[in-house]
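Colleague: Sequence and computational prediction follow.
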There are 2 protein chains.
Amino acid sequence: MALQFELLKTHGSARRGRLTTAHGVVETPIFMPVGTVGTVKAMRPDLLKTELGAQIILGNTYHLFLRPGHELVAKMGGLQRFANWDGPILTDSGGFQVFSLAKLRTLTEDGVTFQSPLDGAKHHLTPELSTHIQHALNANITMCFDECTPHPATHTQAAESMRLSMRWARRSRDAFVDRPGFGQFGIQQGSLYPDLRAESTAKLVEIGFDGYAIGGLAVGETPDELHEAIPMAASLLPTDKPRYLMGVGYPSDMVKAVLAGVDMFDCVLPTRNARNGMAFIRDAERGGVLKIGHAEHKASDLPLDPTCTCHTCAHYTRAYVHHVHKEDEILGHMLMTHHNLAHYLTLMADMRAALDAGTVENFAREVLPLIR
Amino acid sequence: MALQFELLKTHGSARRGRLTTAHGVVETPIFMPVGTVGTVKAMRPDLLKTELGAQIILGNTYHLFLRPGHELVAKMGGLQRFANWDGPILTDSGGFQVFSLAKLRTLTEDGVTFQSPLDGAKHHLTPELSTHIQHALNANITMCFDECTPHPATHTQAAESMRLSMRWARRSRDAFVDRPGFGQFGIQQGSLYPDLRAESTAKLVEIGFDGYAIGGLAVGETPDELHEAIPMAASLLPTDKPRYLMGVGYPSDMVKAVLAGVDMFDCVLPTRNARNGMAFIRDAERGGVLKIGHAEHKASDLPLDPTCTCHTCAHYTRAYVHHVHKEDEILGHMLMTHHNLAHYLTLMADMRAALDAGTVENFAREVLPLIR
């Protein structure tokens, strides 16, 4: 078996599962911290595991291809050894980043030609090359190379884009080298159109993957559109494989998506917003966020989140974090990042515990008013 | 007793001592990491203690006075509680930083008037205010407010500057509030002139302090001038109190200064150079430094320093540190800072062990060719 997935328990659409990889077990539902260039920004990877309980992190094919190069990472023993993270790693395919380059790239049936923003060099990324790079990086979970359909898209545009991605999914699958404990996920596309999401899913299942991702969401829809699309998209996916909602989102998005049957999440929000001074907290009055740069925190001896037990909240006052944030000190980024990742990871740990206890709907009802 | 200092052993001029403060014991000779604004840059303070064995850190009166303000730090339980460092803290008096402001400050007998570079506000810093601020910060070791005599200085200029500092030393001492486990150090000045250094020392001893610092060195002298001045300055100081060489320096400077009878050091070099990509290592061929940004390290699977056992060297290759340094990732600063502080702190731990074993001259002879 490439990857093993065990569905331990379900409650309505919500699922409690266990994914086994060559580099360890991932208890789902799970949030995966993003380590774009081979580091989860401002976190030491050993502490990410020992202090925060992170189980799996992301790497980025596009960034690591450009620097330091996948051959080098392979030579250094794979991304796990290179980056001192001995747990499972999922790499995205690079498609999303290449398409973000806008005018610097050209799309053909074969793939995408783009100019490196680092040195202007031309590169041609294909489903085959993306899959090969992810193999070299030693990703436990390889993602298909796809086009992230822009939003908004007409039905015709969304259909054409999705069908190209499905042809690329076939080519990605053919290029994938099977190894025990390593697998590949297909990515469902189809914009907000249920018939296209269904067609996409059927195609992916026909090819056969070790897991299925929901792509092309959280790219500009309204919150209502997003919260309608997630259950629609998730409900179409097979039940016996892990389901990964790419790039989503706020803590409340994850809670709702778990109830809709999603198992895995990634997002840069906890780490990026940490560096911008936004702490995610459980606090109904504040709508789940605290802006540490605000003057109101200058002399506060409260922790960022009095309900949180993370290292930052156990040892530092808002006054201190405010101070180091205002001074733009590296420690400010470290403490804020640590806390925000704790908020995301603890929320998922609590969801798993509630699923185990059969109380996930109660927990969601209690926690949703407290979080962003 | 304000502070207790025990001289455990001497070897020639070199000394092995123990300084006891209200916040713990400091084994000397010791290097003190610099935490200018209340954080040793890019280091979590708990790891500074548990992983690096740091025993005492510095804070800065000038910076903390401007932001967040000493009253706030006092209200938050002192710098130890505010900054989550439960060990001893030494604060410099702010004099050096104020004089660095050059045209933004005016010197009178009373003190120094300066304009804050943060908001343009005018402030007047005196020996009394500096001492009061350091008390509010809860510094275990308070430094006298003095003028750091610029280099070069004529004998007349150096004498006038030193005598002003000695009048300020008297006023600093009078303003100091004695508490068990807290003390105050006087600062010897006199530029490179032995007679002025002697006059300064006599005046300080007449006032009576808990320790004596050598000020006004490493401010532009040639290496030869510096290495002549340190033993001259140190030899004048009382033997029964700790001796602190301010702002020095490179690792080899510290080794030589220990042999000349200095007990305590601080310097921003290990932390600042870490962020600039310079690793201090024990390597004769490289002259004790490794510039991690150089292309030669791109694919090296060696640690920064194969002789080092720090967290960075135990878990990361030069290739990885090169990568995160080139990407300007926060983790790069964290790993480099950790290693450089380990280099400095381990060097002093090795000097202490060699003093205990009576082999300090052998150790110095062996290590000096390896370090910068």
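Modeller: Great, that's in hand. Numbers count the residues shown, from 1 in each chain, chains lettered A, B, ... in the order given.

Colleague: ok, what's across the strand from the spatially most central residue of chain A?
Modeller: Residue closest to the mean C-alpha point of chain A, counted by C-alpha atoms, centre = their mean, is A:Asp266 at 1.6 Å. Taking DSSP bridges, one obtains A:Met32 as the residues bridged to A:Asp266.

Colleague: hang on, isn't it packed against A:Gly249?
Modeller: No - the pair A:Asp266 and A:Gly249 fails to qualify as a contact (C-beta atoms under 8 Å) at a distance of 9.7 Å. Quick note: C-beta positions are derived from backbone N, CA and C, even for glycine.

Colleague: re earlier: what's the pLDDT at the residue nearest to the centre of chain A?
Modeller: Per-residue pLDDT puts A:Asp266 at 98.

Colleague: same thing with A:Met1?
Modeller: Looking at A:Met1, its pLDDT stands at 67.

Colleague: Give the full set of residues in contact with the nearest residue to A:Val289 once chain neighbours are set aside.
Modeller: Excluding the flanking residues, the one nearest A:Val289 by C-beta to C-beta, 6 or more residues apart in numbering or on different chains is A:Arg372, at 5.0 Å. Residues in contact with A:Arg372 (C-beta atoms under 8 Å, 6 or more residues apart in numbering or on different chains) are A:250-252, A:280, A:287-289.

Colleague: With pLDDT, neighbour count and secondary structure added, can I get the residues you listed in a markdown table?
Modeller: Listed next are the contacts of A:Arg372 as a markdown table, based on pLDDT from 0 to 100; neighbours: other C-beta atoms under 10 Å in any protein chain shown; DSSP: H, G, I helix; E, B strand; the rest coil:
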| residue | pLDDT | neighbour count | secondary structure |
| --- | --- | --- | --- |
| A:Tyr250 | 98 | 21 | coil |
| A:Pro251 | 98 | 28 | helix |
| A:Ser252 | 98 | 19 | helix |
| A:Phe280 | 98 | 27 | strand |
| A:Gly287 | 98 | 12 | coil |
| A:Gly288 | 98 | 22 | coil |
| A:Val289 | 98 | 17 | strand |
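
Colleague: what's the spacing between the nearest residue to A:Met264 once chain neighbours are set aside and A:Ser172?
Modeller: In space, and not counting its chain neighbours, A:Met264 is closest to A:Tyr244: 3.9 Å by C-beta to C-beta, 6+ apart. According to C-beta to C-beta, to the nearest Å, A:Tyr244 and A:Ser172 sit 15 Å apart.

Colleague: What ranges does the stretch 151-300 of chain A have for its strands?
Modeller: According to DSSP state E, counting those that start in this stretch, the stretch 151-300 of chain A carries its strands in the segments A:183-188, A:211-214, A:243-245, A:264-266, A:278-280, A:289-291.

Colleague: now for the first one, which elements pack on it?
Modeller: Under the contact definition 3 or more C-beta pairs under 8 Å, 6 or more residues apart in numbering or on different chains; DSSP states H and E, strand A:183-188 sits against strand A:141-143, helix A:155-175, helix A:194-207, strand A:211-214.

Colleague: Give me the sheet partners of that strand and which way each runs.
Modeller: Strand pairing for strand A:183-188, determined by DSSP bridges: strand A:141-143 (parallel), strand A:211-214 (parallel).

Colleague: Make TSV out of these and add mean neighbour count and mean pLDDT.
Modeller: Listed next are the strands paired with strand A:183-188 as TSV, based on neighbours: other C-beta atoms under 10 Å in any protein chain shown; pLDDT from 0 to 100:
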stretch	mean neighbour count	mean pLDDT
strand A:141-143	29	98
strand A:211-214	26	98
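
Colleague: coming back round to it: tell me the one of the contacts of A:Arg372 nearest chain B?
Modeller: For those, the closest approach to chain B (C-beta to the nearest C-beta) belongs to A:Phe280, at 19.1 Å.

Colleague: which residues does that closest one bridge with?
Modeller: Beta bridges link A:Phe280 to A:Val289, judged by DSSP bridges.

Colleague: Quick check: it vs A:Ala218, distance?
Modeller: Counting by C-beta to C-beta, the separation of A:Phe280 from A:Ala218 is 16 Å.

Colleague: Could you do A:Thr359 as well?
Modeller: Separation of A:Thr359 from A:Ala218 (C-beta to C-beta): 28 Å.

Colleague: quick one, which of the two is more surrounded?
Modeller: A count of neighbours by other C-beta atoms under 10 Å in any protein chain shown puts A:Ala218 above the other of A:Thr359 and A:Ala218, at 20 against 14.

Colleague: Surely A:Tyr344 forms part of a strand?
Modeller: No - when DSSP: H, G, I helix; E, B strand; the rest coil is applied, A:Tyr344 is found to be helix, with no strand at that position.

Colleague: burial of it, as a residue count?
Modeller: Around A:Tyr344 there are 26 residues (other C-beta under 10 Å).

Colleague: cool, and A:Glu206?
Modeller: 11.

Colleague: Check what pLDDT it gets.
Modeller: For A:Glu206, pLDDT reads 98.

Colleague: go on, A:Gly95?
Modeller: At A:Gly95, pLDDT is 88.

Colleague: Which parts of chain A belong to which domain?
Modeller: Domain assignment for chain A, taken from automatic domain parsing, gives A:4-267, A:274-370.

Colleague: For B:Val177, find the nearest of the ones you listed.
Modeller: B:Val177 lies closest to domain A:274-370 among those, at 23.8 Å (C-beta to C-beta).

Colleague: Look up which residues are beta-bridged to A:Arg179.
Modeller: A:Arg179 has these beta-bridge partners by DSSP bridges: A:Phe182.

Colleague: That one reaches A:Thr21, doesn't it?
Modeller: No - A:Arg179 lies out of contact with A:Thr21 (C-beta under 8 Å); the separation is 10.5 Å.

Colleague: what's the span of stretch A:143-151 from first residue to last?
Modeller: 21 Å (C-alpha to C-alpha, to the nearest Å).

Colleague: Could you report the neighbour count for A:Arg272?
Modeller: Residues lying near A:Arg272 (other C-beta under 10 Å) number 14.

Colleague: Which residue is the nearest non-sequential neighbour of it?
Modeller: A:Lys41 (8.0 Å).

Colleague: And that neighbour, how far from A:Ala342?
Modeller: Computed with C-beta to C-beta, the distance linking A:Lys41 and A:Ala342 is 15 Å.

Colleague: Equivalent analysis for A:Gly249, please.
Modeller: 18 Å.

Colleague: now A:Gly69
Modeller: Taken as C-beta to C-beta, the span from A:Gly69 to A:Ala342 is 33 Å.

Colleague: do the same with A:Ala357
Modeller: According to C-beta to C-beta, A:Ala357 and A:Ala342 sit 21 Å apart.

Colleague: Which one of those two is surrounded by more residues?
Modeller: Using other C-beta under 10 Å as the criterion, A:Ala357 and A:Ala342 rank with A:Ala342 on top: 25 against 12.

Colleague: pLDDT at the more buried one, what is it?
Modeller: At A:Ala342, pLDDT is 98.

Colleague: And for the one 5 residues further on?
Modeller: The pLDDT attached to A:Leu347 in the predicted structure is 98.

Colleague: neighbours around it, how many?
Modeller: 22.

Colleague: what's the average pLDDT for stretch A:113-126?
Modeller: On average, stretch A:113-126 scores 92.

Colleague: From one end of it to the other, what's the distance?
Modeller: So stretch A:113-126: terminal residues 9 Å apart, C-alpha to C-alpha.
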